[in-house]
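*Asks:* just the structure for this:
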Amino acid sequence: MENTKLKLLRILEILQKESSKSKPLTTQQICEKLDKMGMHCERRTLYKDIKLLKDCGYDIEVVTSKTANLYYYKKAPALSFAELKILIDAAEAASFISEELTEEIVTKLAALGGSRRRELLNGNLIHFNSRKHSYHDLYDTITMIETAIQRKLRISFYYFDLDEHAERVYRYDKKLYAVDPVVLIHSQDNYYLRCYNPEHDEMRNYRVDRMAEVSITDKLISANAIVPSEEIAEYTKQAFKMYSGEPVETLLEFKDELLDVIFDKFGEDTPIVRKNEDSCIATVVLQESLTFWGWYFQFPDKMKICSPDWLVEKCEKWRELRYKG
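*Replies:* Predicted structure coming up:
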């Protein structure tokens, strides 16, 4: 058995290092290379070995000719300098990645730049106005959640806020939360877990960097946590800064100078019609929340809610409170 495992590793090593699309290897060539490594391989068993590697997820292509089968390992195209630069900038700009993890990511990405590694590390003229979180367990937490999602298992964790000293304050005297994970969503420079909370019988969102001691239980998720991918995509599109509240279709009238603001917030596919020479009306789907009102009142006299009526009325109440204050 050990010899079989080693043979599989050697076959994979040969294909990764010595084959390509323009230079595939024949069955005989692979067998000869294995012989030189002191590993005998029958031609009739090589096909089964390669099929096993393919079944395990290795990207091996089989080319069938009139005389023989040929094999090569599909190598991912190398990232260009510009692509590496974009990824490095994204890591440095992401506030949810700690300084320590950012340095680690940037070093790994720069190593892919070969002779331009130093240029990638030293040539950054962009400075980001981001405040890095001090949360160092993000990788482990995300990995744990993703594993639970794949296995359809419930997770448990403690949830905390930060006090004025940036110290953790656990909610409900460090109560242990137990939820059925649905999907991880990156929004507004943070990761959120969309999940079903069986205790409250509802879907909820939790900030991943506020989750501590995440562990996978042996309990399968409930049927309520099995959500179609289309529904998840629609929710992600509708969610406004990941705050709770039911999505509501809203008509926003705004001045032309806010077109970029609307597109940045709701996407460039937002339906917009012109009302007059300097104003437009957008149809958007948002979640009414304190965060929404904070965003909305950044634009006094330049934006107003046209519908639904209940949201118009609520806006007027908020406006009265705002100006009374």
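*Asks:* so which elements touch the longest strand along the chain?
*Replies:* Of all the segments of type strand in the chain, defined by DSSP state E, the longest one is strand 176-187. Packing contacts for strand 176-187, counted by 3 or more CB pairs under 8 Å, 6 or more residues apart in numbering; DSSP states H and E, involve helix 138-151, strand 153-162, strand 190-197, strand 202-207, helix 229-238. Using the backbone N, CA and C atoms, a C-beta is placed for each residue, glycine as well.
*Asks:* redo that, cut-off 10 Å
*Replies:* Applying 3 or more CB pairs under 10 Å, 6 or more residues apart in numbering; DSSP states H and E, we find strand 176-187 packed against helix 138-151, strand 153-162, strand 190-197, strand 202-207, strand 211-220, helix 229-238.
*Asks:* sheet partners, orientation included, of that strand?
*Replies:* Neighbouring strands of strand 176-187 in its sheet, by DSSP bridges, are strand 153-162 (antiparallel), strand 190-197 (antiparallel).
*Asks:* quick check: mean pLDDT across the shortest one?
*Replies:* The average pLDDT within strand 190-197 is 90.
*Asks:* the chain should start at 152 in everything you say after this.
*Replies:* Sure, I'll start counting at 152 from here, so that last one is strand 341-348.
*Asks:* how big is the angle separating that strand from helix 380-389?
*Replies:* Angle of strand 341-348 versus helix 380-389, following axes from the mean of the first three to the mean of the last three CA atoms, to 10 degrees, is 130 degrees.
*Asks:* only C-alpha atoms, please: export strand 341-348 in CSV.
*Replies:* Extracted C-alpha coordinates of strand 341-348, given in CSV (Å, rounded to 0.1, in the frame of the first residue of the first chain):
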residue,chain,number,x,y,z
ASN,A,341,-15.7,42.9,6.6
TYR,A,342,-16.6,39.2,6.5
TYR,A,343,-20.0,38.2,7.6
LEU,A,344,-21.6,34.8,8.3
ARG,A,345,-25.1,34.4,7.0
CYS,A,346,-26.7,31.6,9.0
TYR,A,347,-29.8,30.2,10.5
ASN,A,348,-30.2,30.7,14.2
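*Asks:* please enumerate the helices of the stretch 152-301 of the chain.
*Replies:* 153-169, 178-187, 194-206, 232-244, 250-262, 268-273, 289-302 (DSSP state H, counting those that start in this stretch).
*Asks:* can I get these in a markdown table including mean neighbour count and mean pLDDT?
*Replies:* Shown next, in a markdown table, are the helices of the stretch 152-301 of the chain (neighbours: other CB atoms under 10 Å; pLDDT from 0 to 100):
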| stretch | mean neighbour count | mean pLDDT |
| --- | --- | --- |
| helix 153-169 | 14 | 85 |
| helix 178-187 | 15 | 91 |
| helix 194-206 | 14 | 88 |
| helix 232-244 | 16 | 85 |
| helix 250-262 | 15 | 87 |
| helix 268-273 | 14 | 80 |
| helix 289-302 | 16 | 90 |
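*Asks:* so for Leu221, which of those helices sits nearest?
*Replies:* Among the helices of the stretch 152-301 of the chain, helix 178-187 comes nearest to Leu221, with 8.1 Å by CB to CB.
*Asks:* packing partners for that closest one?
*Replies:* helix 153-169, strand 176-177, helix 194-206, strand 220-224.
*Asks:* and the helices in the stretch 352-476 of the chain, which stretches?
*Replies:* 380-389, 410-417, 441-447, 460-475.
*Asks:* save these as a markdown table, and put in mean pLDDT too.
*Replies:* Listed next are the helices of the stretch 352-476 of the chain as a markdown table, based on pLDDT from 0 to 100:
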| stretch | mean pLDDT |
| --- | --- |
| helix 380-389 | 75 |
| helix 410-417 | 86 |
| helix 441-447 | 85 |
| helix 460-475 | 84 |
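*Asks:* can you put those in CSV and add mean neighbour count and distance to Ser170?
*Replies:* Shown next, in CSV, are the helices of the stretch 352-476 of the chain (neighbours: other CB atoms under 10 Å; distance: least, CB to CB, whole Å):
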stretch, mean neighbour count, distance to Ser170
helix 380-389, 13, 35
helix 410-417, 15, 46
helix 441-447, 15, 53
helix 460-475, 12, 61
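*Asks:* and the ones you listed as TSV, adding distance to Asp291?
*Replies:* Below are those laid out as TSV (distance: least, CB to CB, whole Å):
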stretch	distance to Asp291
helix 380-389	24
helix 410-417	32
helix 441-447	28
helix 460-475	41
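*Asks:* mind checking those helices for the one nearest to Pro175?
*Replies:* helix 380-389 (36.1 Å).
*Asks:* what residues does that closest one touch?
*Replies:* The contact list for helix 380-389, computed with CB atoms under 10 Å, 6 or more residues apart in numbering, reads 333-334, 336-338, 343, 345, 354, 356, 378-379, 393, 397-400, 417-418, 420, 435-438.
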